[in-house]
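Q: Okay, here's the prediction I keep looking at, along with the sequence it came from:
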Amino acid sequence: MKNKSLVSINDYSKEEILQILELAAEFEANPNQPLLKDKVVASLFFEPSTRTRLSFETAINRLGARVIGFSDSSSSSTSKGETLKDTIKMVSNYADLIVMRHPLEGSARYASEQSRVPVINAGDGANQHPTQTLLDLYSIKKTQGTLDNLTIIMVGDLKYGRTVHSLLMAMAHFNPTFYFVAPQELKMPREYIIYLQNKGITFYEQSDMTNLEKADILYMTRVQKERFSDSMEYERVKNAYILRNYMLENTKPNLKVLHPLPRVNEIHTDVDPNPKAYYFQQAENGVYTRMGIIAAIMGLH
Ligand code: CP
């Protein structure tokens, strides 16, 4: 993985994914390891973020490296009309690694092609969010003891939700069964359905929140308001699914509720005290997983 960009989760093999999860466990056991004291990491966020940016910056700090960058592109020369190509060419002269979030699908791949240093995709539009997937896998393995043969129900915005796109591709290595729960307007895109069909993965599509009793993982997602061109369409679907605590009554003891966060209404706060609610620990796992990703790319392990 040394010097290898992480743009799509499919850039890394199953073995490489498992290696990062092992590194993440090592960093969780011992989070302060200043292995990158002479390195500079650029954190370029062209789109808002709380967890991804702050957990990356925490990971960088815990590894002893320094961070440059911006959390709001209006404070960069992008606002003067500088192209992404020129920005990346400049920043790759300053830093040893670039972490980038951008609203355009394909922007991370393009950046990786322009950069002299590896690029980590921190989310490109509705396309991919591979580091979220690695922390999701870490959370699933930690709570289930395995990644193999699990039943995963994904609920909500399966059209624009980049986290579910990356997660289904990664889980395809581990013989999952999927239930996709979405309104007609937000169904899993055809390309991902074909991807699963080609791999012989079992999946079901439904529009109601039934079958919860079968799940090992219930993966809730936010309806991605920022991706809708028609605000009326957003209003129609924004509260399509709201998980309430009573709905978890007959679920499996090992069930965990995951959500990449931020949530809006899709998980009621009455779920939060339930031991099956795992989304805040999931976000914490992002620090250790991102330490593992950076360490692997910088060739530290
Ligand atoms: N999960 C996630 O990407 O959250 P942020 O948008 O806050 O980074």
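A: That came through, no problem. Numbering: from 1, shown residues only.

Q: Please make it C-alpha for all contacts and neighbour counts, starting now.
A: Fine.

Q: For the nearest residue to Asn32 once chain neighbours are set aside, give me its contacts.
A: Counting by C-alpha to C-alpha, 6 or more residues apart in numbering, Arg62 is the residue found nearest to Asn32 once chain neighbours are left out, at 5.1 Å. Contacts for Arg62 were tallied using C-alpha atoms under 8 Å, 6 or more residues apart in numbering; they are Pro31, Asn32, Gln33, Pro34.

Q: can you give me the helices for the protein?
A: Under the criterion DSSP state H, helices of the chain are mapped to 14-29, 51-62, 84-94, 107-114, 130-144, 162-171, 190-199, 231-237, 279-297.

Q: and the last one with helix 51-62, angle?
A: Taking axes from the mean of the first three to the mean of the last three C-alpha atoms, to 10 degrees, one finds that helix 279-297 is oriented at 50 degrees with respect to helix 51-62.

Q: Can you give the distance of helix 279-297 from its chain's centre?
A: In terms of C-alpha atoms, centre = their mean, to the nearest Å, the centre of helix 279-297 is set 10 Å apart from its chain centre.

Q: Tell me which other helices or strands it touches.
A: On a contact count with 3 or more C-alpha pairs under 8 Å, 6 or more residues apart in numbering; DSSP states H and E, helix 279-297 meets helix 14-29, helix 51-62, helix 130-144, strand 256-258.

Q: Need the CA coordinates for it. PDB is fine.
A: Taking C-alpha atoms only, helix 279-297 is exported to PDB below (Å, rounded to 0.1, in the frame of the first residue of the first chain):
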ATOM      1  CA  TYR A 279     -22.900   5.000  15.800                       C
ATOM      2  CA  PHE A 280     -20.900   7.200  18.200                       C
ATOM      3  CA  GLN A 281     -18.400   4.400  18.900                       C
ATOM      4  CA  GLN A 282     -18.300   3.900  15.100                       C
ATOM      5  CA  ALA A 283     -17.200   7.500  14.700                       C
ATOM      6  CA  GLU A 284     -14.500   7.100  17.400                       C
ATOM      7  CA  ASN A 285     -13.200   4.100  15.500                       C
ATOM      8  CA  GLY A 286     -12.600   6.500  12.600                       C
ATOM      9  CA  VAL A 287      -9.500   7.900  14.300                       C
ATOM     10  CA  TYR A 288      -7.800   4.500  14.700                       C
ATOM     11  CA  THR A 289      -8.800   3.300  11.200                       C
ATOM     12  CA  ARG A 290      -7.500   6.600   9.700                       C
ATOM     13  CA  MET A 291      -4.200   6.200  11.600                       C
ATOM     14  CA  GLY A 292      -4.000   2.700  10.100                       C
ATOM     15  CA  ILE A 293      -4.700   4.000   6.600                       C
ATOM     16  CA  ILE A 294      -2.100   6.800   6.800                       C
ATOM     17  CA  ALA A 295       0.500   4.500   8.400                       C
ATOM     18  CA  ALA A 296       0.000   2.000   5.600                       C
ATOM     19  CA  ILE A 297       0.300   4.600   2.800                       C
END
